[in-house]
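Visitor: Whatever this is, show me its structure:
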Amino acid sequence: MAEKLGNVRIAKDVIARIAGMAALDVEGVNAVQGNLTREDLSRVGRSALGKGVRVSLNGRKAVIDLSLVMGYGYNIPTVCKEVQDKVGMSVNNMTDLTVTDVNVAVAGVAMQDE
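Guide: Now for the predicted structure:
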């Protein structure tokens, strides 16, 4: 039987980065927080991903708030539902936290020539 060695604490910033990466993996999401696109990740690095995400913790439960820019032509409710599912599953799988809510605010729609 394994003996408990101590506590594990995961910083909110780490959870926010996981959520941001998961959101950007969904087709139809153009940016997190209105300014960080998939293409930007190669320039600024993944550490900036948490800036468009707010995480609230209550024990082992997490509430995640995201502000996203959607791509033009995508069905917003469908994309948002997929973001909610993917973010919740990713955070749960990587941290073992229970994600109770993933709130998505659509901050804008990116036109194809932007």
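Visitor: dump the residue contacts of the residue most central in space within the chain.
Guide: Nearest to the geometric centre of the chain sits residue 19, at 2.4 Å (Cα atoms, centre = their mean). Listed by Cβ atoms under 8 Å, 6 or more residues apart in numbering, the contact set of residue 19 reads 50, 53, 55, 64, 66, 87, 90, 91, 102. (Glycine included, C-beta is placed from N, CA and C.)
Visitor: okay, now the second one: neighbour count?
Guide: Residue 53 has 26 neighbours, counted by other Cβ atoms under 10 Å.
Visitor: quick one: it and residue 68 touch, right?
Guide: No - if you go by Cβ atoms under 8 Å, residue 53 and residue 68 don't touch, sitting 9.7 Å apart.
Visitor: For those two, list the residues in contact with both.
Guide: Contacts common to residue 53 and residue 68, judged by Cβ under 8 Å, 6+ apart, are 23, 32, 33.
Visitor: so what's the second one up against?
Guide: Residue 32 makes contacts with 20, 23, 24, 49, 51, 52, 53, 66, 67, 68, 69, as judged by Cβ under 8 Å, 6+ apart.
Visitor: longest strand of this structure?
Guide: Criterion DSSP state E: the longest strand present in the chain is strand 98-110.
Visitor: And the average pLDDT for it is what?
Guide: Strand 98-110 comes out with an average pLDDT of 95.
Visitor: That one: partners in the sheet, and parallel or antiparallel?
Guide: Applying DSSP bridges, strand 98-110 is found paired with strand 61-71 (parallel).
Visitor: list the buried ones in the strand it pairs with?
Guide: 62, 64, 65, 66, 67, 68, 69, 70, 71 (16 or more other Cβ atoms under 10 Å).
Visitor: what residues are up against the fourth one?
Guide: Going back to what we said before, that points to residue 66. 19, 20, 23, 32, 52, 53, 83, 87, 102, 103, 104, 105.
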